[in-house]
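Novice: coords please:
(one chain, ligands or ions: 1)
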Amino acid sequence: MTNKILSEESLTLQAPQHIKSQTNLSLDEYKERYKESIKDPEKFWDDLAKKELDWFEDYTQVREWTYPNYQWFLGGKLNITYNCLDRHVNNGKRNQVAYIYVDENSCEVKITYGELLEKVNKIANGLKSLGVKKGDTVTIYMAMTIEQIASILACARIGAIHSVVFGGFSAQALRLRIEDAKSEIVICSSYTQRKGKKAELKSIVNEATKDLDLVRKIIVDSRDENFELFEREVDLQDLMSKQSSICKPEVMDSEDPLFILYTSGTTGKPKGVMHTTAGYNLYTHYTTKMTFDIKGDEVFWCTADPGWITGHSYIIYGPLSNGITSVIAEGSPVYPAPDRFWSIIEKYRVNIFYTAPTAVRMFMKLGKEWPKKHDLSSLKILGSVGEPINPEAWIWYHKHIGLENCAIVDTWWQTETGGHMISTYPSFDTKPGRAGLPMLGIEVDVIDKEGNSTKVNEVGFLVIKQPWPSALRTCWGEPKRYEKYWTEIEGFYFAGDLATKDDDGYIMILGRADDTLSISGHRIGTAEVESALVAHKAVAEAAVIGLPHEIKGECIAAFLILMQDELTNEQQSLSIKEKVRTELGSLAVPDEIHFVETLPKTRSGKIMRRVLKANRLGQDPGDTSTLED
Ligand code: WTA
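Specialist: From the prediction side, this is the model:
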């Protein structure tokens, strides 16, 4: 069956009939329920919290909303790992597979809900034996493995706050995050697989924690390696082997912190976005269920890494809370062959596949013959996340991966929102390039600076009008930075994205309104890159802009004024790029380095990146009246 194209100009596609007829929610039902959910959000979330989660003790109040702060399910007691593991094990799912892990050599490991619970408990007991208590922070810097997921859950089991750092970040970036979170414990893997090679993680941890007395213990998953451990280091397998496989879940208050996740803002220092237990549990559970139309026996594959929010919410907590089977694949999507992903989908009969536009564009470039070699007929829903998906990539995804027989859900959300905020539920009509409608219970608008709704198709700021259960509660140690989300435009949650709304209320995301970039769907602040650049001894001043990039969506161009007598040659460029790699990590390395004499600045000294960008792209720079020179 093929999707019917309703109208060429605005390209609207109907969901495949077989999905429409079986889905949990039709568009008409949504419209009805949406109205109710917005009219009385407390009732809406109250009903869901009672139905979808298991509680140790009931809450006494659904929401407390004292602008700009809020709490959800006050007084309730629960543990997210109970909802993710125990309740399934106790309800006949002990032997159901929770994760299928595949490495680059196609070696697989399957772990059932029962086995995962035992592993989590052993690590949890191990952490306790090292003195970790409820409220302590633990930094996790690991390869995408079952051990990584179990370590994250082990923290949640005992009420420790996890702070996962993506394995692509440099030693400097890791150190900053360990120090900011004040983690006395770090859990790491010895290495991660990357294109047939071992990418060292342990040595990066060594460098990051050198002379860092704050860190008491480093727990190492040695994998297949054998190396000498130093005084404060503990082997993960050794630690587990000494522990009981029973660990009572810590009784957590609804509002007890669950994790911190660092994300880029507009200043050099990343923000530690903090999420709490009950609201996040409910929201990730519910959005997984609704966006991906979960019935309970699906095989789900979210290709993100748990080092990002997408992995937290849609590899770990959302899928587990719903009791489904997930695939995780360590290493490169195109190694050992460009069809690695498609062979995994075929082999494990994946039903739901969730990836980023940058990956779709990469596969597009590799050619349709690679997916064509495989039976992809198990697929039902295809998801997209991280950046706007251009219509061309959308259509390719729909045709060559979905075989015109899947629903595509383009999910807009953020580290701060915890879960999906805008998308189309699978039964809805879709419009390639437009993310869609607000999720149930979420009141979204596009407004101008004064807070007035913009007209149809007029560009404005994307805002959310009321707090939702998984909204960030604070920025770790920086409450003022948190408040900015709600005070940038008084009374609204300011997402930082530009958007438009069409006649049907479908929202199109146009990109960031602030100085952050989206490189392969990963958020990087221009200020972060600029501080890494000026950390190079030859660089006096730096300005960074994002440029359109065929695969990555956006790439980085750096404009640099060098110190006197420094050479402006290729060697210098390479050395500066290397500096960014060690300061921040390879994903922040500029594609272009330009040596310049001056930078365009306003009279008050602010760099006008907009002018640099227009210049580089040969476009009109617009109003330059505030330009100094
Ligand atoms: C962008 C990732 C368009 C957006 C989950 C947002 C998107 C930022 C989409 C958050 C999408 C995410 N369409 N843009 N479907 N999803 N974005 O915190 O600019 O890493 O503000 O969370 O990514 O990035 P973050």
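
Novice: residue boundaries of the strands in the stretch 401-550 of the chain?
Specialist: All strands of the stretch 401-550 of the chain, identified by DSSP state E, counting those that start in this stretch, fall at 407-411, 422-423, 437-438, 444-447, 460-464, 474-475, 493-501, 507-512, 516-519, 522-525, 539-549.

Novice: Dump these to TSV, plus mean neighbour count.
Specialist: No exception for glycine: its C-beta is placed from N, CA and C like everyone else's. Formatted as TSV, the strands of the stretch 401-550 of the chain follow (neighbours: other Cβ atoms under 10 Å):
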stretch	mean neighbour count
strand 407-411	25
strand 422-423	26
strand 437-438	22
strand 444-447	20
strand 460-464	23
strand 474-475	22
strand 493-501	21
strand 507-512	19
strand 516-519	22
strand 522-525	23
strand 539-549	20
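
Novice: Identify whichever of these lies nearest to Gly168.
Specialist: Gly168 lies closest to strand 522-525 among these, at 8.6 Å (Cβ to Cβ).

Novice: nearest residue to Gln243 other than its sequence neighbours?
Specialist: Distances taken as Cβ to Cβ, 6 or more residues apart in numbering put Asn125 closest to Gln243, at 3.9 Å, once the chain neighbours are dropped.

Novice: what does the model give that neighbour for pLDDT?
Specialist: pLDDT, Asn125: 98.

Novice: Surely it is in contact with Ser241?
Specialist: No: counting by Cβ atoms under 8 Å, Asn125 stays clear of Ser241, with 11.2 Å between them.

Novice: quick one, which of those two is more surrounded?
Specialist: For Asn125 versus Ser241, neighbours defined as other Cβ atoms under 10 Å are more numerous around Asn125 (20 against 10).

Novice: nearest residue to whichever residue of the stretch 101-250 of the chain sits closest to the ligand other than its sequence neighbours?
Specialist: Of all residues in the stretch 101-250 of the chain, Phe166 sits closest to the ligand, at 10.5 Å by Cβ to the nearest ligand atom. Nearest residue to Phe166, sequence neighbours excluded (Cβ to Cβ, 6+ apart): Gly307, at 2.9 Å.

Novice: Go ahead and confirm that neighbour touches Ser163.
Specialist: No: assessed by Cβ under 8 Å, Gly307 is found out of contact with Ser163, at 10.5 Å.

Novice: Now name the helix or strand holding Trp342.
Specialist: helix 340-348 (DSSP states H and E).

Novice: Met142 against Leu201, yeah?
Specialist: Yes: counting by Cβ under 8 Å, Met142 sits close enough to Leu201 to count as a contact (7.0 Å).

Novice: Now do the shared contacts for these two.
Specialist: By the contact definition Cβ atoms under 8 Å, 6 or more residues apart in numbering, Met142 and Leu201 are jointly contacted by 167, 188-189, 192.

Novice: Can you tell me which of those residues comes closest to Ser245?
Specialist: Distance to Ser245, by Cβ to Cβ, is smallest for Ser189 among these, at 21.9 Å.

Novice: Tell me what the closest one is bridged to.
Specialist: Asp221 (DSSP bridges).

Novice: how many neighbours does it have?
Specialist: There are 26 residues near Ser189, going by other Cβ under 10 Å.

Novice: Quick check: it touching Ile146?
Specialist: No: in this structure, Ser189 is not within contact of Ile146 by Cβ under 8 Å, at 11.3 Å.

Novice: first to last residue in stretch 264-271, what's the distance?
Specialist: From its first residue to its last, stretch 264-271 covers 6 Å (Cα to Cα, to the nearest Å).

Novice: Likewise for stretch 164-179?
Specialist: 13 Å.

Novice: which outside residues touch that stretch?
Specialist: 139-144, 152, 163, 186, 189, 192, 199, 201, 204-205, 207-209, 212, 214-215, 259, 261-262, 269-270, 272, 305-308, 311-312, 581-587.

Novice: Please apply the same query to stretch 57-70.
Specialist: Contacts of stretch 57-70 (Cβ under 8 Å, 6+ apart): 41-43, 45-46, 49, 71-78, 251, 254, 278, 466-467, 471, 473, 482-483, 485-487, 491.

Novice: nearest spatial neighbour of the one residue in the stretch 151-300 of the chain that gets nearest to the ligand, skipping sequence neighbours?
Specialist: Closest residue of the stretch 151-300 of the chain to the ligand, Cβ to the nearest ligand atom: Thr263 (5.1 Å). Nearest non-adjacent residue to Thr263, counting by Cβ to Cβ, 6+ apart: Thr415, 4.2 Å away.

Novice: what number of residues lie near the one you found?
Specialist: 19.
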